[in-house]
Structures are given as C-alpha cells and as structure tokens.
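Enquirer: here's a sequence, model it:
(one chain, ligands or ions: 1)
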Amino acid sequence: MAISSPCGRERGELLARGYWNSQSAICVRLLSWDEDQPIDEAFWRERLRRAIAARQPLNRIAAQGTPAAYRLVNAENDGLPGLVVDRYGAWLVVQALTLGIEVRKQMLAGLLEELLQPAGIYERSDVDVRSKEVGPQHWATSGGSPPPETIEIDENGRRFLVDVRAGHKTGFYLDQRENREIIGDWFRWDEQAAEREVLNAFSYTGGFAVYALGGLARRVVNVDTSAEAPQAGTAQHRSQRLRARRRRFRGGDVFSVLRYWREQGRQFDMIILDPPKFAHSARQVESGGARLQGHQPAGLPASAAGRGAGDVLVLRCDQQRPVPEDRLRGGGRRARGDAQIVRWLSQASDHPVALTFPEEHT
Ligand code: SAH
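Expert: Residues are numbered from 1 along each chain as shown. Here you go, the predicted model:
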C-alpha cells in the first residue's frame, strides 16, 4: 500500500510504499521510497537477487561445492523486512517473521528456487516476534527435499554438524563466523597457547571452543544453560578429533557459575563472552532487565586476572546498550589486574545493518 504521513496526507503527498499490519506494533514496513515502484513479483526477485549478490565471496565458496553456511537475506537490512534466509550447504532455511512475508511465502520460495536451486527449502518460523503479528509458529519443507537430521557445514575450513530443525536460531549462530575465526587466529599465533585455559561463557555447542582448541589452547570450559548444548557440543568436538580432556561442558547460569568460581578463586587465562540479548527493548534496559548492565561485568576482570601477561576479555555488545566500559574498568582496578580491551566484536558481514535500522547492530 502507499503510505502518507498525517501531514503528508493533508498535502496529498505519497511518502513511501510498504506493507501494513494493524495488529503489529510496527504497523508499516517500508519497501520502497519510489512512488512508482510496483510491489510485484519482479520487485521481490530483484530484492532477493541484490541480497544474494552482496554475499559474493561466500557464494563463490558455496559454488565450489563447499557446504558453506551464511545468511543470504537479513530482513530489513537487505530491504526485505520480515524475511530471513540462511544457507546451510545445499539447503536454505527461511523465517517468515511478518504477515507481509507470510502471505507471500510460496512466491518467495519459488523465487529462491529459481535463483539458487537449493536441494530443499525448510521454513522455520519459530521466533517469538512472529507470534505477535502472524500467529502460531510454523515448521515445514517449502520446496525440494527435507533437510537431513544434521547438515555438515564448513565454516572457515572447519566442519560443524548442524540441526536446522531444533538448533538455536536457524541451527547455528552464523553471526559469529568472523569472530570465531578471530579467536582461532589468536590461538594460532599465541606462543603460550598450550598453557592457556579458556572460559567460553554462553558457549552453546562450543563453536568458539573448537577454534581455540584447534589453535592448541590447553583446555576450554564451556558454560551454557541450553539443555542440548553438552551433547551436541561433544559430538561437534568429537568430529573435530579434539581430545575429551581438553574440553568440558558445564550446564548452568553463567552468572551463578562465575560467582561460585570467584569465591573459589578459580581463574582463567581468557574469557570469551557471547551473551544473548538480555534486553529486548530500551524499556527493559531502563528497568534493569539487562543483566549484563548490572554489576556482573565488574567481576569479570577478577576472573581473568592473575594469570600473568596476555589476559584477555572478548566481549560482545548487547543490542540495546554495550557492556559499560566504566564498569569493566572499575572491576579491573579492584582485581589489580591490567585487563585490556583488544577489540570490540560485532556481527559478521553477511548480517549487514541498514543505516536506518541501527538497533540491529550488536
Ligand atoms: N557462543 C555461541 C552462541 C551463544 S548465543 C556460539 O558461538 O555458537 C547465547 C547463548 O547463551 C545461548 O546458547 C543461550 O542458551 C545461552 N544463555 C542464555 N542465558 C544464559 C545464562 N544466564 N547462562 C548461561 N547461558 C545462557
């Protein structure tokens, strides 16, 4: 539909074209600023083609027969609000997050088949945000053959087994691909890697651990609340032939485990922190819903300090507000350690952020 602002309507001006859902808190999703742009199949084909073309280096890896895994369509950020498309080797996993996409999903699946010729397209529309405006969660094979129980993918030359039906997100945290490689490089070039013990907090199946151990870190302790993480993670590590004594999966709440270890004086040489989004809106941050905004980060340097030079914290920002640096600084002073921020990490480049949608940046 064409959209005009209250004042625009008075002046009879057309502002943009988009799709409308009166049931949604975001009732209009903009598609085009061009008032003459028809929103037809050719429009959607061109938007998909553009999003796919923007992933050229990754597409090339996939075209060589490597079972690459990456995001092909990142919703609003690729001009396709409500649509996520991830590639896992020969399969595509799609999410229809808005009503505007829900009603077009057959057509979109047909276009994806035409543009990418996947072995199959699996729809996994099971995110909370969908229930607010589309309705119940939905799983189905929308085209081709259903995905196998686990798909073997290649990420930066390492193989992972992914369950696209039940794994988190669309199966794997694809947004961390570049960060995992950074961790791998860190350990590859670290002459003291073999002495380093790493805490991988919010580990899920231990993706970061695979890279740290591949780079010869002595040991990685993974902590996550997810019930399937230990089993899936152990299978992951086995397939990489990483020795059992070098890895551990501990189920539980990172904050409680850290508190316990701090009391015990347990320390690590490196802490990898990859927390989920604790605050889903600015209001939750204000009301203290974001646990990482609390006192916890202050204790982290204490958990990492005291093991000599090279202690590192790797932090990822919460979408709504980054982990506050001043709290870390305070924690570092109290721990009498020289903690450094080596670099702030962000999402991989196949998860672009539209300039008009800065909330998406992590
Ligand atoms: N680092 C992972 C991705 C982690 S995403 C990877 O590279 O694959 C965030 C993870 O935090 C999820 O796996 C979720 O299960 C876990 N999580 C959420 N709250 C937690 C808590 N309080 N303590 C421990 N883990 C938690």
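
Enquirer: Y260 in helix, strand or coil?
Expert: The three-state assignment at Y260 reads helix, by DSSP: H, G, I helix; E, B strand; the rest coil.

Enquirer: where does the stretch 151-300 of the chain dip in pLDDT?
Expert: Applying pLDDT under 70 to the stretch 151-300 of the chain picks out residues 278-300.

Enquirer: repeat the analysis, applying 80 as the threshold.
Expert: Residues of the stretch 151-300 of the chain meeting the criterion pLDDT under 80: 240-244, 277-300.

Enquirer: residues of it that sit close to the ligand?
Expert: Counting by C-beta under 6 Å from any ligand atom, the residues of the stretch 151-300 of the chain lying close to the ligand are 168, 173, 176, 202-205, 207-208, 223-226, 253-255, 274, 276. (C-beta placed from N, C-alpha, C; glycine too.)

Enquirer: buried subset of these, written for ChimeraX?
Expert: Buried residues among these (16 or more other C-beta atoms under 10 Å), as a ChimeraX selection:
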select :168,173,176,202,203,204,205,207,208,223,224,226,254,255,274
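
Enquirer: so where do the helices sit in the protein?
Expert: For the chain, applying DSSP state H gives helices covering 6-10, 41-53, 56-63, 99-102, 105-116, 128-133, 177-189, 207-214, 229-239, 254-264, 282-286, 296-304, 325-334.

Enquirer: just give the nearest non-adjacent residue to F202, would you?
Expert: D274 (4.6 Å; C-beta to C-beta, 6 or more residues apart in numbering).

Enquirer: need the winner for burial among the helices of the chain.
Expert: helix 207-214 (a mean of 26; mean count of other C-beta atoms under 10 Å).

Enquirer: so which elements touch it?
Expert: strand 158-162, helix 177-189, strand 197-201, strand 219-224, helix 229-239, strand 270-273 (3 or more C-beta pairs under 8 Å, 6 or more residues apart in numbering; DSSP states H and E).

Enquirer: what angle separates it from strand 158-162?
Expert: 150 degrees (axes from the mean of the first three to the mean of the last three C-alpha atoms, to 10 degrees).

Enquirer: output helix 207-214 as CSV, nothing but the C-alphas.
Expert: Extracted in CSV, the C-alpha atoms of helix 207-214 (Å, rounded to 0.1, in the frame of the first residue of the first chain):
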residue,chain,number,x,y,z
GLY,A,207,31.8,-23.1,18.5
PHE,A,208,34.4,-20.8,19.9
ALA,A,209,36.0,-23.7,21.8
VAL,A,210,36.5,-25.6,18.6
TYR,A,211,38.6,-22.7,17.2
ALA,A,212,40.5,-22.2,20.5
LEU,A,213,41.4,-25.9,20.8
GLY,A,214,42.2,-26.1,17.1
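
Enquirer: need the contact list for the residue lying closest to A201 once chain neighbours are set aside.
Expert: Distances taken as C-beta to C-beta, 6+ apart place V254 nearest to A201, at 4.7 Å, with adjacent residues excluded. By C-beta atoms under 8 Å, 6 or more residues apart in numbering, the contact set of V254 is 201-202, 223-225, 275.

Enquirer: mind putting those into a markdown table with distance to M107?
Expert: Formatted as a markdown table, the contacts of V254 follow (distance: C-beta to C-beta, whole Å):
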| residue | distance to M107 |
| --- | --- |
| A201 | 43 |
| F202 | 38 |
| V223 | 44 |
| D224 | 38 |
| T225 | 39 |
| P275 | 38 |
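
Enquirer: who does the closest residue to Q37 other than its chain neighbours bridge with?
Expert: Closest residue to Q37 apart from its sequence neighbours, by C-beta to C-beta, 6+ apart: R17 at 6.0 Å. Beta-bridge pairing for R17 (DSSP bridges): A2, S32.

Enquirer: R17: how many residues sit nearby?
Expert: Neighbour count for R17, taken as other C-beta atoms under 10 Å: 20.

Enquirer: thought it was touching R29?
Expert: No. With contact defined as C-beta atoms under 8 Å, R17 does not count as touching R29 (10.3 Å).

Enquirer: R180 reaches A212, doesn't it?
Expert: No. Using C-beta under 8 Å as the test, R180 is too far from A212 to be in contact (9.2 Å).

Enquirer: roughly how far apart are L99 and the ligand?
Expert: 28 Å (C-beta to the nearest ligand atom, to the nearest Å).

Enquirer: residues touching the spatially most central residue of the chain, list them.
Expert: Nearest to the centroid of the C-alpha atoms of the chain, with distances taken as C-alpha atoms, centre = their mean, sits D175, at 3.8 Å. D175 makes contacts with 71, 347-348, 351, 362, as judged by C-beta under 8 Å, 6+ apart.

Enquirer: ok, and the closest non-adjacent residue to it?
Expert: Q347 (4.2 Å).

Enquirer: if I look at that neighbour, how far off is G82?
Expert: Q347 sits 19 Å away from G82, going by C-beta to C-beta, to the nearest Å.

Enquirer: and what of V134?
Expert: 9 Å.

Enquirer: list residues touching both of these two?
Expert: Residues touching both V134 and G82 (C-beta under 8 Å, 6+ apart): 96-99, 102.

Enquirer: so which of those residues comes closest to the ligand?
Expert: Within these, the smallest distance to the ligand is 18.8 Å, found for L97 (C-beta to the nearest ligand atom).

Enquirer: what residue spans form the domains of this structure?
Expert: According to automatic domain parsing, the chain comprises the domains 2-32, 41-157+161-170, 173-334.

Enquirer: enumerate every residue touching W91.
Expert: 118-122, 144, 147, 151, 164.
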